[in-house]
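Student: next one to model:
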Amino acid sequence: MKTFYINILLFTCFVSCNLSIKRSNINPIARVNNFYLTNEDIDHSLFDGLNKEDSLFQIQNIINDWATRKLLEDGAYINLNDQKQQQFESLIQNYKSDLYTSAYIEALVKKNLDTVISHEQHKEFYKKNEELFVLNEDLVKLRYINHDVKMSNASEIRSRFISYNNEDKAVLDTLSVKFKSFFLNDSVWVKWDEVINKINPLKNYSNKVLLKKLNFVEFKDTLGLYLVKVNEVINRGRKAPISYALPTIEQIILNRRKLKLINQLKSEIVNDAIKNKKFEIY
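Tutor: Numbers count the residues shown, from 1 in each chain. Model prediction:
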C-alpha cells in the first residue's frame, strides 16, 4: 500500500512537471538531457510518516536536487577544459579503486585476524613499553553518593557507606534508586578530572586534601548531601596500572597485528598472481 501510494504521488508530480518524455520500462519521472530519474532511484523511506501534501513537496525537492546536479555536471563537461576533466576522472578512478581495495582488505583482515590476546601477552607488552603508560592525569579508586538531605535513613546510608562490607554494599545497591547520583564500584580506576566534572562541588576543595588514600569527605550543596570515599590514588607522572592500561594495550597489539597481516596478505596476493601468470612484469 505504501509503495502504491508513493507511486501515485510520483506520477502526479511527474505530470505536474510537464516533462515530455517517451514511455519506457524504466518508469521515468524526470529528464535532464539524456539522463532520466526513475521511480527505482527514489528512496521511499524518505516518505515515512509524511502526508500527501508533504510527500509531494518531498518529491519535488528530490527532483529539483537531482536536476540541479545533472545540469551542473553537464555544464562542467562543457566548460571545463580536457586537462581538468582528465584530472577529475583520474581522482574518481583512484577513489573507486581505494573503496574496493579497502573493503576487500578489511574483509580479509576480519576473516584472518587473530583477536585473542592472552594475559601473558598483555603483561609482556606492558613491561616492554612502560614509557607509553606514564600518566598525564591523576587516577583514583573511589565511591560516592549524592542524595537528598531530607532522606529519613540518611544516617544509615552514611554508616553503611563508610563501613562498606558485603551487607552494606547490598543495602546501598538496593537504595541507589533513591539517590540523585552515585558510583559504588570502588575497585575501578577513574580519572580525577571526570570525578570533578561529575561532582561539581569538589572543585571548591584542594586536590592535595582530597587525593589522599583512605580519605572521606562529606559536604552539602543545593543539590543535596555528598558522601565521597577515596580508596587509592595514583598521581600524574607515575605509571598507569595494567588494569587501567588494558584497553590501550589491546588496541595497540591488535593494530600492530592488523598492519602486519595486511602487509602479509598483499604480499601473498601478488605472489599468487605471479605464480598463476596473472601478473607479469615485462
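Student: quick one: the helices in this protein, in order.
Tutor: 2-17, 52-79, 82-112, 119-128, 154-163, 166-175, 192-198, 207-210, 242-275 (DSSP state H).
Student: and the angle from the third one to helix 52-79?
Tutor: Counting by axes from the mean of the first three to the mean of the last three C-alpha atoms, to 10 degrees, helix 82-112 points 120 degrees away from the direction of helix 52-79.
Student: tell me the angle helix 82-112 makes with helix 242-275.
Tutor: Using the same axes, to 10 degrees: helix 82-112 against helix 242-275 is 110 degrees.
Student: swap in the second one?
Tutor: If you take the same axes, to 10 degrees, helix 52-79 sits at 50 degrees to helix 242-275.
Student: off-centre distance for helix 52-79?
Tutor: 32 Å (C-alpha atoms, centre = their mean, to the nearest Å).
Student: for stretch 140-160, same thing?
Tutor: Worked out by C-alpha atoms, centre = their mean, stretch 140-160 lies 35 Å from the chain centre.
Student: surely V171 and S159 touch.
Tutor: No - using C-beta atoms under 8 Å, V171 is not in contact with S159; the gap is 10.2 Å. C-beta coordinates here come from the backbone N, C-alpha and C atoms, glycine included.
Student: these two: which is more packed in?
Tutor: Taking other C-beta atoms under 10 Å, V171 and S159 do not tie; V171 has more neighbours (15 against 12).
Student: who wins for proximity to A30 among the helices of the chain?
Tutor: helix 52-79 (4.8 Å; C-beta to C-beta).
Student: by contact count, what packs against the closest one?
Tutor: Using 3 or more C-beta pairs under 8 Å, 6 or more residues apart in numbering; DSSP states H and E, the elements in contact with helix 52-79 are helix 2-17, strand 28-32, strand 35-38.
Student: and that helix with strand 28-32, angle?
Tutor: 30 degrees.
Student: residues of helix 52-79 that come out buried?
Tutor: S55, L56, Q58, I59, I62, I63, W66, A67, K70 (16 or more other C-beta atoms under 10 Å).
Student: before we move on, what about stretch 147-161?
Tutor: Neighbour-count burial for stretch 147-161, with 16+ other C-beta under 10 Å as criterion, is recorded at H147, I157, R158, R160, F161.
Student: what's the domain layout of this protein?
Tutor: In terms of domains, the chain is parsed into 2-79, 113-129+240-275, 135-234 (source: automatic domain parsing).
Student: adding distance to I105 and mean pLDDT, write those out as JSON lines.
Tutor: Output for these, formatted as JSON lines (distance: least, C-beta to C-beta, whole Å; pLDDT from 0 to 100):
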{"stretch": "domain 2-79", "distance to I105": "29", "mean pLDDT": "75"}
{"stretch": "domain 113-129+240-275", "distance to I105": "6", "mean pLDDT": "95"}
{"stretch": "domain 135-234", "distance to I105": "34", "mean pLDDT": "87"}
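Student: right, and those domains - which one's nearest A103?
Tutor: Nearest to A103 among the domains of the chain is domain 113-129+240-275; the distance by C-beta to C-beta comes to 13.2 Å.
Student: which neighbours do V171 and S159 have in common?
Tutor: Between them, V171 and S159 share no contacting residue under C-beta atoms under 8 Å, 6 or more residues apart in numbering.
Student: just to revisit the earlier point, which of the helices of the chain sits closest to V140?
Tutor: Comparing the helices of the chain by C-beta to C-beta, helix 192-198 comes nearest, at 5.3 Å.
Student: what does the closest one contact?
Tutor: E137, D138, L139, V140, L142, Y144, S181, F183, L202, K203, N207, L211.
Student: are any of those buried, and if so which?
Tutor: The neighbour count (16+ other C-beta under 10 Å) marks D138, L139, V140, L142, Y144, F183, L202, L211 as buried among the contacts of helix 192-198.
Student: tell me which of those is nearest to Y100?
Tutor: Taking C-beta to C-beta as the measure, Y100 lies nearest L139 of the buried ones among the contacts of helix 192-198, at 44.6 Å.
Student: return the residues in contact with that closest one.
Tutor: Going by C-beta under 8 Å, 6+ apart, L139 touches W189, V190, K191, W192, V233, I234, A240, P241, Y244.
Student: buried stuff in the biggest strand by length in the chain?
Tutor: Taking DSSP state E as the criterion, the chain has its longest strand at strand 224-234. If you call a residue buried by 16+ other C-beta under 10 Å, then strand 224-234 has these buried ones: G224, L225, Y226, L227, V228, K229, V230, V233, I234.
Student: I'm done for today, thanks for sticking with me.
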